[in-house]
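Asker: generate coordinates for the sequence data below:
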Amino acid sequence: MILPTRIRLCYLFLFSVLPILGCYAQDSLAVAIAEKGDGIFSLLRKQGMDPSEHYQDFLVLNHENLRDGQHLFEGSSYYLPSVIDSLTTVTDEIVNEEILKEEGERYPIFGAENALVSPKSDRLEGAIYYLISGHGGPDPGAVETYKGITIAEDEYAYDVTLRLARELLAHGARVYVIVRDSDDGIRDAKALETDRDEVVYPNNDIPLNQLARLKQRVTAVNNLYLENRGNYQRLLVTHVDSRGKGQNIDVFFYHHEKSKNGKRLAENIHNTFTRKYRKYQPNREYTGTFSDRSNLYLVKNTLPAMAYIEIGNIKNKKDQRRILDPDNRQALAKWITEGVLADYETR
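Answerer: Numbers count the residues shown, from 1 in each chain. Got it, this is the predicted structure:
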């Protein structure tokens, strides 16, 4: 999806010689004040605006008043994109040159720096994946301290899930991110800031009660599964474990005991991890396993064949190195994707 012309023009000319020159006459724009817990998506929704249509416009208008380029400051005023825009003149040659650079589609959920997803292949064309990251909303999961900063399970599971979603999209899959945070995006920090503003697809607040949270996720996935009946569909659940601090664990996988397709999916991803460890850590035995775990609520009650992935123990210092390092989180996403590709191509 190529950016609308007016947004491309903004990127080209926003930072011209005179800072007051832009794509909008800002003194004529409506303003909204960010309230506690607001992200860009929620702020736009409160104003009756479609976030997917106006997100990039909002970033351009408010770039000087956003933390890390995408987060709102509580109590600050923000310009709202106008339906009628005042455009700067530009030649067709410049527009066409910009279009050539914008190959791929933009997904604001990945954050401004990672929104553009360029195609790598069509190897997953026709496949649908539902991605659930553990905890979220009022439930951060296990909470630890890293260099004096509080870190939480749900933020790392979500970051790996976003990276996985981006990889799957790049190979042609259709992807539903079930647990969503409109203003986090993919982050490259070690200590990920914690918040409580996650929602469940399409935009439902996450309840405090644990069983209600699980039922909400099951309902979201199962409804989508029935809507897409007849298509190839799989579910991937990403969790960070929280065992005792002394337990260093490898990445391991669960599936439903009666699901042949779920077992094959988990096995293909497991086999990929086995090969990767053999290549990159030849002096260390990989001890991760794949096994049935039908007593887990999500494993037991969701309709698509699925793999439930535990990526490490956040309480263990060795596992923390795997989870906190953004390069490692990206490697996890890529290795899971390789296993998913192998599973789909041998179906």
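
Asker: and the helices in the stretch 1-150 of the chain?
Answerer: Along the stretch 1-150 of the chain, counting by DSSP state H, counting those that start in this stretch, helices occupy 5-13, 40-46, 51-61, 92-101.

Asker: how far is the longest one from where the chain is centred?
Answerer: What it means is helix 51-61. 18 Å (CA atoms, centre = their mean, to the nearest Å).

Asker: same question for that helix, mean pLDDT?
Answerer: Taken as a whole, helix 51-61 carries a mean pLDDT of 80.

Asker: i'd like the first residue to be 21 from this point on
Answerer: All set: I'll call the first residue 21, so the last point we hit is now helix 71-81.

Asker: which secondary structure elements does that helix contact?
Answerer: Packing partners of helix 71-81 (3 or more CB pairs under 8 Å, 6 or more residues apart in numbering; DSSP states H and E): helix 25-33, helix 60-66, strand 97-99. Backbone N, C-alpha and C define where each C-beta goes, glycine included.

Asker: comparing the ones you listed by mean pLDDT, which bottoms out?
Answerer: helix 25-33 (a mean of 33).

Asker: so what are the domain limits for the protein?
Answerer: Following the assignment in automatic domain parsing, the chain carries domains at 25-122, 129-365.

Asker: could you export those to CSV, including columns for mean neighbour count?
Answerer: Output for the domains of the chain, formatted as CSV (neighbours: other CB atoms under 10 Å):
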stretch, mean neighbour count
domain 25-122, 15
domain 129-365, 19
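
Asker: could you tell me the least trusted of those domains?
Answerer: Looking at the domains of the chain, the bottom one is domain 25-122 with a mean of 63.

Asker: distance-wise, check S279 relative to G57.
Answerer: Look at S279 and G57: by CB to CB, to the nearest Å, they are 38 Å apart.

Asker: could you pull out the helices for the stretch 171-320 of the chain?
Answerer: Under DSSP H, counting those that start in this stretch, the stretch 171-320 of the chain gives helices at 173-190, 230-247, 280-300, 317-321.

Asker: for the ones you listed, which one sits closest to R126?
Answerer: helix 173-190 (10.9 Å; CB to CB).

Asker: other SSEs contacting the closest one?
Answerer: Using 3+ CB pairs under 8 Å, 6+ apart: helix 173-190 touches strand 136-137, strand 147-153, strand 194-197, strand 252-261, strand 325-333, helix 346-365.
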